[in-house]
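Chemist: I'd like to go over a predicted model; first the sequence, then the structure.
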Amino acid sequence: LITCQELFEFILGYLEGELPEPQVREFEAHLAVCPSCVRYLESYEETVRLGREACQDRAAELPADVPEDLVRAVQSARRRAG
Ligand SMILES: [Zn+2]
């Protein structure tokens, strides 16, 4: 099995879906036996998600040339999600 330290190094690739299959198996095998890494992964995912949402919000304020239908679709999708 990989160590916790190795898991931390793989975590970004894992979340981005860029980790090679053998490492994904090692990664998930470690998670199966290491609850503290499961918690770490969850908090890491949450951080990444919040960061992405912040970026999307900034992007949504900028363009004036986005079709209004698209803006409305995004806004209603956000209301459904939120
Ligand atoms: Zn661990």
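Modeler: Sure, I can see it.
Chemist: for this protein, which spans come out with low pLDDT?
Modeler: Along the chain, segments meeting pLDDT under 70 span 57-64, 66, 81-82.
Chemist: and it, which residues reach the ion?
Modeler: 4, 34, 37 (C-beta under 5 Å from the ion). C-beta: built from backbone N, CA, C; applies to glycine.
Chemist: let's see that with 6 Å instead.
Modeler: For the chain, the residues in contact with the ion (C-beta under 6 Å from the ion) are 4, 7, 30, 34, 36-37.
Chemist: okay, the residues you listed in TSV with secondary structure and neighbour count next?
Modeler: Putting these into TSV (DSSP: H, G, I helix; E, B strand; the rest coil; neighbours: other C-beta atoms under 10 Å) gives the following:
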residue	secondary structure	neighbour count
Cys4	helix	12
Leu7	helix	20
His30	helix	19
Cys34	coil	17
Ser36	helix	8
Cys37	helix	20
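Chemist: out of those, flag the one nearest to Glu21.
Modeler: For the residues of the chain next to the ion, the minimum distance to Glu21 (C-beta to C-beta) is 15.1 Å, reached by His30.
Chemist: Val38 is in contact with that closest one, correct?
Modeler: No. In terms of C-beta atoms under 8 Å, His30 does not count as a neighbour of Val38; the distance is 9.4 Å.
Chemist: so what's Leu31 up against?
Modeler: Residues touching Leu31, when contacts are defined by C-beta atoms under 8 Å, 6 or more residues apart in numbering, comprise 7, 37-38, 41.
Chemist: same check, this time on Ile2
Modeler: Counted by C-beta under 8 Å, 6+ apart, Ile2 has contacts 10, 26-27, 29-30.
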